[in-house]
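**Q** Provided below are the primary sequence and the corresponding predicted coordinates.
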Amino acid sequence: MEEKLKALAEHLAAALPGAVIATDISGGELCCRVEREALPRVLKFLRDDPKCRFWVLCDICGVDYPDRPLRFEVVYNLLSMSLNQRVRLKLETDEEQPVPSAVGVFSCAGWWEREAWDLFGIYFADNPDLRRILTDYGFEGHPLRKDFPLTGYVELRYDEDQKSVVYEPVRLQQEFRSFDFLSPWEGMDKILPGDEKAAPAGGETPKEGGR
């Protein structure tokens with residue numbers, strides 16, 4: 001299998017110079033890093049070339065690396081059932097630079113691009129219907145970004161007086177608490193053999209609650 005993947009990697013590198021930047025074989029799959037603007041050309045080649053025949057786009061997803069200059073990685077997973085092979089494409093972008101839409105090559109890409117836009121804020125140029133798909137229309141921000149707050153920015157509820165759903169700033173019902181989960185026996189009144197929180201020298205028992 002690895003020999004076939006090596007042959008496929010060499011075939012792609014020779015047929016798509018400048019478009020396929022690098023290749024790597026890991027876990028029995030070929031991963032290709034591609035130049036962002038060349039994505040449609042690479043996808044079309046993988047679909048139509050007789051040595052590839054990757055006719056199934058399994059999914060598209062985003063990954064956030066906020067410390068990188070190009071913080072987002074967009075990942076495309078394709079399957080060739082006739083060759084029994086998979087290939088993964090990766091490209092980099094940020095909040096400003098759009099990624100060419102894959103809808104013109106694989107029509108199923110539309111919903112996955114909408115998901116990546118909704119959750120990460122990755123913009124796909126020429127997507128015919130780039131709207132939110134998982135969050136509400138009035139949702140603020142992109143919840144799978146690493147810098148998105150766990151509480152979000154607003155909360156919604158049904159207001160009986162207004163007879164409608166209203167948005168309000170997040171109001172925490174209690175203060176955040178820090179728990180120590182090192183021991184599964186937190187809060188017990190006796191020490192079990194092997195517990196990493198066993199009482200220190202002097203016979204003191206550990207305090208409950210972790211703080």
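**A** In hand now; what should we look at?
**Q** Mind giving me the packing neighbours of the helix ranked longest in the chain?
**A** Criterion DSSP state H: the longest helix present in the chain is helix 2-15. Contacts defined by 3 or more CB pairs under 8 Å, 6 or more residues apart in numbering; DSSP states H and E place helix 2-15 against strand 20-26, strand 29-34, helix 39-48, strand 85-93. Glycine gets a C-beta too; all of them are placed from N, C-alpha and C.
**Q** Using a markdown table, please lay out these together with distance to residue 118, mean pLDDT and mean neighbour count.
**A** Putting the helices and strands packed on helix 2-15 into a markdown table (distance: least, CB to CB, whole Å; pLDDT from 0 to 100; neighbours: other CB atoms under 10 Å) gives the following:
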| stretch | distance to residue 118 | mean pLDDT | mean neighbour count |
| --- | --- | --- | --- |
| strand 20-26 | 28 | 94 | 15 |
| strand 29-34 | 23 | 95 | 19 |
| helix 39-48 | 20 | 97 | 18 |
| strand 85-93 | 16 | 96 | 20 |
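**Q** Can you say which of the ones you listed is nearest to residue 106?
**A** helix 39-48 (6.8 Å; CB to CB).
**Q** could you say what helices and strands that closest one packs with?
**A** Against helix 39-48 (3+ CB pairs under 8 Å, 6+ apart) you get helix 2-15, strand 72-80, strand 85-93, strand 99-100.
**Q** So which residues make contact with the helix or strand that comes right after the shortest one?
**A** Following strand 99-100 in sequence order, the next helix or strand is helix 109-120 (DSSP states H and E). Residues outside helix 109-120 that contact it (CB atoms under 8 Å, 6 or more residues apart in numbering): 57, 59-62, 64, 72, 74, 101-103, 122-124, 127-135, 142-145.
**Q** Give the pairing partners of the following helix or strand past helix 109-120; include direction for each.
**A** Using DSSP H and E, the helix or strand that follows helix 109-120 in sequence is strand 124-125. When sheet partners are counted by DSSP bridges, strand 124-125 sits next to strand 99-100 (parallel).
**Q** same question for the strand it pairs with, mean pLDDT?
**A** The average pLDDT for strand 99-100 rounds to 98.
**Q** Contacts for that strand, please.
**A** Under CB under 8 Å, 6+ apart, the answer for strand 99-100 is 36-37, 39-40, 74, 91, 93, 122-126.
**Q** out of the helices and strands packed on helix 2-15, nearest to residue 151?
**A** Of all those, strand 85-93 comes closest under CB to CB, at 27.5 Å.
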